[in-house]
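Student: Structure for the following, please:
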Amino acid sequence: MMRHSVEIAEVAGQARDSAAPTGGALSRGRGCLIPLSQKAVATVCAALSLTSIAVPGVAHADTHGPTIVKLADPGAIDVPSGQNVTLHEVLSEPDGLYRARFVAPDLDVGAGDLDVLTDDAEALCVEVVLPLLDAAALDAARVVVSLSAEPVPFGVAAPEVAQTFESFRIGDEACIWEAF
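Tutor: Next up is the predicted model:
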């Protein structure tokens, strides 16, 4: 423990002309000069987590990540490709970012026509997501629409499940596609 205190004092007093201080980088804190315990980091992270959003007509699930908003009965949704699509969930994140996650059991990202998937994502943004957010009086700056062949928990890697994502900037009540 004393070794970290010495390293921190030396780093704070030396000119930073290299990527790492002599003897290597600090083992904790990514260069932060204030050593925090794991409990303190967890407390800070919990304090910065998202707050609940009460949306009329939707059920809310409490999580430690983005706020999850689920429709009570999403039903089938029409898209240009004609595939069967249902709304799985909408996630709310800071700065007006919303992630609308849809399930399309017949999704085939290897079919080669990615324009069809982009058209589906844009239709979902315009016809489903914007009306949902508008009805709940929520102001979106950006919407990420994802299509997945089956429900996958947010943030979990599932390489065996076909998935596609499209990002849209919201302006003048329209979904404007963003390349990323």
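
Student: Can you classify Cys125 as helix, strand or coil?
Tutor: helix (DSSP: H, G, I helix; E, B strand; the rest coil).

Student: can you list the domains in the protein?
Tutor: 2-48, 58-178 (automatic domain parsing).

Student: lowest-confidence stretch among those domains?
Tutor: Among the domains of the chain, domain 2-48 carries the lowest mean pLDDT, at a mean of 38.

Student: Contacts for the helix or strand harbouring Cys175 next, please.
Tutor: Element membership of Cys175, judged by DSSP states H and E, is strand 174-178. Outside strand 174-178, the residues that touch it by C-beta atoms under 8 Å, 6 or more residues apart in numbering are 118, 122, 125-126, 129-130, 142-143, 166-170. Using the backbone N, CA and C atoms, a C-beta is placed for each residue, glycine as well.

Student: Those residues in helices, which ones?
Tutor: 118, 122, 130 (DSSP state H).

Student: for stretch 154-167, how far is the first residue from the last?
Tutor: From the first residue to the last, stretch 154-167 extends over 16 Å; the measure is C-alpha to C-alpha, to the nearest Å.

Student: Buried ones in it, by neighbour count?
Tutor: 162-164, 166-167 (16 or more other C-beta atoms under 10 Å).

Student: What sits closest to Val79 if chain neighbours are left out?
Tutor: Once flanking residues are discounted, Val79 sits nearest to Asp120: 4.2 Å by C-beta to C-beta, 6 or more residues apart in numbering.

Student: looking at this, the one you found is in a helix?
Tutor: Yes: counting by three-state DSSP, Asp120 is found in a helix.

Student: burial count for it?
Tutor: 25 (other C-beta atoms under 10 Å).

Student: Contact partners for Cys125?
Tutor: Cys125 neighbours (C-beta under 8 Å, 6+ apart): 100, 143, 145, 166, 168, 175.

Student: sorry, back to before: among the ones in helices among the contacts of strand 174-178, which ones are buried?
Tutor: Among the ones in helices among the contacts of strand 174-178, those classed as buried by neighbour count (16+ other C-beta under 10 Å) are 122, 130.

Student: Among the ones in helices among the contacts of strand 174-178, which one sits closest to Pro66?
Tutor: Nearest to Pro66 out of these is Leu130 (C-beta to C-beta; 18.7 Å).

Student: Distance of the closest one relative to Asp172?
Tutor: 11 Å (C-beta to C-beta, to the nearest Å).
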